[in-house]
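S.K.: Make a model of this:
(one chain, ligands or ions: 1)
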Amino acid sequence: MKRFGLLGFSLLLLPALAAWPHPQAPETSPKKVIEKVPIKPTSASSGEEMYKEYCAVCHGLDGKGNGPAASALKTPPPDLSLLAKNNGGKYPASHVVAILNFGSSAPAHGSADMPVWGRLLSSLQTHRSTPAIVQLRIKNLTDYIESLQAK
Ligand code: HEC
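M.R.: Model prediction:
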């Protein structure tokens, strides 16, 4: 009786163990934790460099919303490559600029997972982090996201 129970248990356990190493991201524990780190300096003139450094972790390199941190967010990151398609074929540049400056939803409602980039980019400790440079960064990021649009 007892032995049978144990055997049943190990049979159940085996498939679970076999499945263990398969999900990707083997270097992290199953529960993902988003760690906030100070933002790294990047070139204000390269939308691509800034996107890869600041955005791809959530939105994915191709903008489709599959970055490594995406599954740990309460709100899944939207597919940025569909912004034009979802806006009648016109890339909504001013919407993107506004989101980057001010965040994606009313700050009063708090818990949005999308960082407010205007503030973060101004905090870059470089000698040239003037408001004009911050807007240049946002313009170049906005243009880079335009280049990711699905045709
Ligand atoms: C920590 C994860 C995270 C990072 C990093 C991040 N985003 Fe987001 N982003 C989100 C989430 C989540 C949303 C959806 C937020 C919501 O609906 O309130 C979003 C929304 C957006 C939107 C609005 C899309 C729409 O459909 O209106 C834009 C544009 C955007 N992000 C651009 C960027 C850019 C550019 C960067 C890098 C400078 C960036 N994001 C970095 C998580 C992130």
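
S.K.: Spell out the residue ranges of the helices in this protein.
M.R.: When assigned using DSSP state H, the helices of the chain occupy the ranges 2-19, 47-50, 56-59, 93-102, 117-122, 131-147.

S.K.: what residues are up against the residue nearest in space to the middle of the chain?
M.R.: Of all residues in the chain, the one closest to the mean position by C-alpha atoms, centre = their mean is residue 58, 1.3 Å from it. For residue 58, the contact set (C-beta atoms under 8 Å, 6 or more residues apart in numbering) comprises 65, 67, 69, 70, 73, 77, 113, 114. From N, CA and C alone the C-beta is placed, and that goes for glycine too.

S.K.: Quick one: buried ones out of the residues you listed?
M.R.: 65, 67, 69, 70, 73, 77, 114 (16 or more other C-beta atoms under 10 Å).

S.K.: Contact residues of this protein facing the ligand?
M.R.: Taking C-beta under 6 Å from any ligand atom as the criterion, the chain approaches the ligand at residues 54-55, 57-59, 69, 73, 75, 77-78, 80, 96, 99-100, 104-105, 112-115, 117, 141, 145.
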